[in-house]
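**Q** sharing a model that was predicted from the sequence below.
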Amino acid sequence: MDQTMNPNRPYIQRMLILLILSSLVRGASLQRTTSSAPRLVLSGWVPNACTLVVCGSSETRPKGEEGDQELESLKTQIRDLETELEGLKAAITKTQRVLLPPNGVMVGERIFKTDGSRGDYDAARETCSRLGGALAFPRNAAENSALQKIVTWHNRRAVLGINDMATEGRFENLNGDAIAYSNWARGEPNNLGNEDCVEMHEDGKWHDRGCTLEWLVICEF
């Protein structure tokens with residue numbers, strides 16, 4: 001499970017290498033275009049003759065051909081990394097398609113995923129936190145459809161990261177913010193028997209329920 005939760009880790013590492021190399025190239029280029037050796041100007045002995053320019057020590061001079069070779073080498077490495085990154089992007093996309101269904105779905109930059117575990121509301125929150133995510137809840141119709149797919153694949157209702165424990169009738173996400181999107185079934189929420197949690201059915205509709213039931217746990221990352 002942990003290995004599939006962060007498929008972008010190799011990609012991020014490659015990006016860091018690319019950024020470092022790019023910084024080196026920019027720094028070297030800037031040094032070559034802005035640095036100048038100190039000059040000593042001596043008046044010529046012949047009247048109206050040109051002045052004689054004597055350059056400073058070799059330590060302050062640009063590297064010349066050696067510097068050009070280093071820059072070209074860095075540029076070549078960057079081009080090679082860019083090519084490799086394109087390959088990594090394609091590999092990541094392919095990996096996500098293989099690893100996600102039927103336990104997960106990717107929507108935009110968000111991944112909804114389950115390991116098949118079950119639990120009540122508190123246990124579900126703990127499971128997702130331990131895995132480095134949070135108990136999933138949809139913020140729009142596309143995310144609701146993604147969660148519905150997982151519910152349908154597993155043929156089991158799932159608990160959402162939404163509740164009205166603080167104020168009855170005001171459903172909030174895990175950050176305490178009132179939800180902006182909802183997909184309640186007809187007649188819901190009805191708070192029968194003090195129902196403070198929310199479950200998703202196979203049709204994607206929401207029902208408020210008591211928080212001690214056992215649901216499929218779906219996390220978001």
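**A** Alright, I've got the coordinates. Residues are numbered from 1 along each chain as shown.
**Q** R170 - nearest residue in space that isn't next to it in sequence?
**A** D164 (5.6 Å; Cβ to Cβ, 6 or more residues apart in numbering). Backbone N, C-alpha and C define where each C-beta goes, glycine included.
**Q** which residues of this structure fall in helices?
**A** In the chain, the segments counted as helices under DSSP state H are 2-5, 9-34, 65-99, 121-130, 141-154.
**Q** mean pLDDT for these: which is lowest?
**A** Lowest mean pLDDT within these: helix 2-5, at a mean of 45.
**Q** still on that earlier bit, in this structure the residue nearest to R170 contacts N173, no?
**A** No. Judged on Cβ atoms under 8 Å, D164 makes no contact with N173 at a distance of 11.2 Å.
**Q** name the nearest residue to M165, ignoring sequence neighbours.
**A** Distances taken as Cβ to Cβ, 6+ apart place D196 nearest to M165, at 4.8 Å, with adjacent residues excluded.
**Q** for the chain, what's the longest strand?
**A** The longest strand of the chain (DSSP state E) is strand 158-163.
**Q** which parts of the protein belong to which domain?
**A** 2-99, 104-220 (automatic domain parsing).
**Q** what about the residue nearest to R170, neighbour count?
**A** The local packing of D164 (other Cβ atoms under 10 Å) involves 19 other residues.
**Q** so what's it up against?
**A** R170, F171, E172, P189, D196, D208 (Cβ atoms under 8 Å, 6 or more residues apart in numbering).
**Q** if we use 6 Å, what do you get?
**A** Contacts of D164 were listed using Cβ atoms under 6 Å, 6 or more residues apart in numbering, and they are R170, F171, D196.
**Q** number of nearby residues for the last one?
**A** Okay, so that is D196. Neighbours of D196 using other Cβ under 10 Å come to 18.
**Q** one more: L135?
**A** 24.
**Q** how about it: what's its closest non-neighbour residue?
**A** G161 (3.5 Å).
**Q** pLDDT score for the one you found?
**A** Listed pLDDT for G161 reads 98.
**Q** count of neighbours near it?
**A** Residue crowding around G161 was assessed by other Cβ under 10 Å; the count is 23.
**Q** what of A158?
**A** Neighbours of A158 using other Cβ under 10 Å come to 24.
**Q** and it, how close does it get to E172?
**A** 18 Å (Cβ to Cβ, to the nearest Å).
**Q** quick check: the residue lying closest to I111 once chain neighbours are set aside vs D120, distance?
**A** Spatially, and ignoring its direct neighbours in sequence, I111 is nearest to F221 (4.6 Å; Cβ to Cβ, 6+ apart). F221 sits 22 Å away from D120, going by Cβ to Cβ.
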